[in-house]
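J.: My questions concern the predicted model and sequence given below.
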Amino acid sequence: MKIRSILFGVFLLSIAIMANAYAEQQPLDDPVSILKVSDTTFSHSKENGYNIITTIGTIKNPSNIRICELVVEVKYFDQAKKLIDTVTQPLYGIVVPPAREVGFRVRDRADKPMDAYISSTVRVVSAAQQGDRSSIPQENSTFWIRILITWLPLILFLGLLLFATKRTAGKNSPQQQTIELQKRTIESIEKQNTILSKQLEAVERLASAVEKAASR
């Protein structure tokens with residue numbers, strides 16, 4: 001009963017934490033008008049036989065809100081300013097505090113030869129606003145929320161495993177009942193063997209007495 005109560009409490013806590021985490025993040029209607037992308041450059045490299053194109057830059061947040069969950073779109077153009085490739089990637093773990101700027105990097109396989117990439121444009125296609133709490137408590141809260149969300153499934157699994165193990169090893173478990181039944185069956189067979197042995201001894205004594213009487 002105690003284990004069930006603990007597991008139920010952990011489950012409710014996880015729901016509350018996840019709800020709080022999602023409640024703190026509100027999608028921005030127009031992130032392009034708030035976030036400014038600057039100092040962008042791109043370069044080519046080769047990895048495992050594939051052409052890789054990497055774009056780096058800076059995202060500035062002149063507003064008074066804290067922004068997270070950014071998704072960046074990079075468009076690449078050739079000499080004729082024709083669109084030849086595009087990459088859209090989420091910037092995991094990047095949060096832009098109010099009136100601050102952060103650097104970013106986007107990497108992906110190049111669809112065209114390296115010399116075809118002449119210019120590029122970068123914009124933030126989506127983002128979310130975090131709550132209005134101060135930056136330090138919010139960072140601590142986000143850290144603990146991520147820790148709990150990461151470890152919570154493992155904790156629940158271990159709790160269920162412990163519950164199942166204790167239930168299996170309990171006195172009323174099917175395995176324990178089977179063992180007790182086997183013990184009782186063995187004891188019953190041993191008792192029957194003892195009775196049969198005594199009966200055989202009695203028959204042998206009776207047969208011996210009859211032989212002695214017949215010989216007289």
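T.: That came through fine.

J.: need the contact list for Pro90.
T.: Glu69, Leu70, Val71, Val72 (CB atoms under 8 Å, 6 or more residues apart in numbering). All C-beta spots, glycine's among them, are computed from the backbone N, C-alpha and C.

J.: right, I mislabeled it, should have said Val71
T.: Thr88, Gln89, Pro90, Leu91, Val124, Val125, Ser126, Ala127.

J.: Of those - the most surrounded one?
T.: Ala127 (24 neighbours; other CB atoms under 10 Å).

J.: For the closest residue to it other than its chain neighbours, report the pLDDT, please.
T.: Distance criterion CB to CB, 6 or more residues apart in numbering; nearest residue to Ala127, sequence neighbours excluded, is Pro31 at 4.1 Å. What the model reports as pLDDT for Pro31 is 86.

J.: How about the backbone phi and psi for Pro31?
T.: Note on Pro31: its backbone torsions stand at phi -70, psi -30 [degrees, to the nearest 10].

J.: That one: how many residues sit nearby?
T.: Pro31, neighbours per other CB under 10 Å, totals 21.

J.: Am I right that Ile94 falls within a helix?
T.: No - counting by DSSP: H, G, I helix; E, B strand; the rest coil, Ile94 is not part of a helix but coil.

J.: can you pull the contacts of it?
T.: Ile59, Cys68, Leu70, Val102, Phe104.

J.: same thing but at 7 Å, please
T.: The contact partners of Ile94, by CB atoms under 7 Å, 6 or more residues apart in numbering, come to Leu70, Val102, Phe104.

J.: So which bits of stretch 61-71 are buried?
T.: Asn61, Ile65, Arg66, Ile67, Cys68, Glu69, Leu70 (16 or more other CB atoms under 10 Å).

J.: I figured the second one hits Pro98, correct?
T.: Yes - taking CB atoms under 7 Å as the contact criterion, Ile65 and Pro98 are neighbours in contact, 6.0 Å apart.
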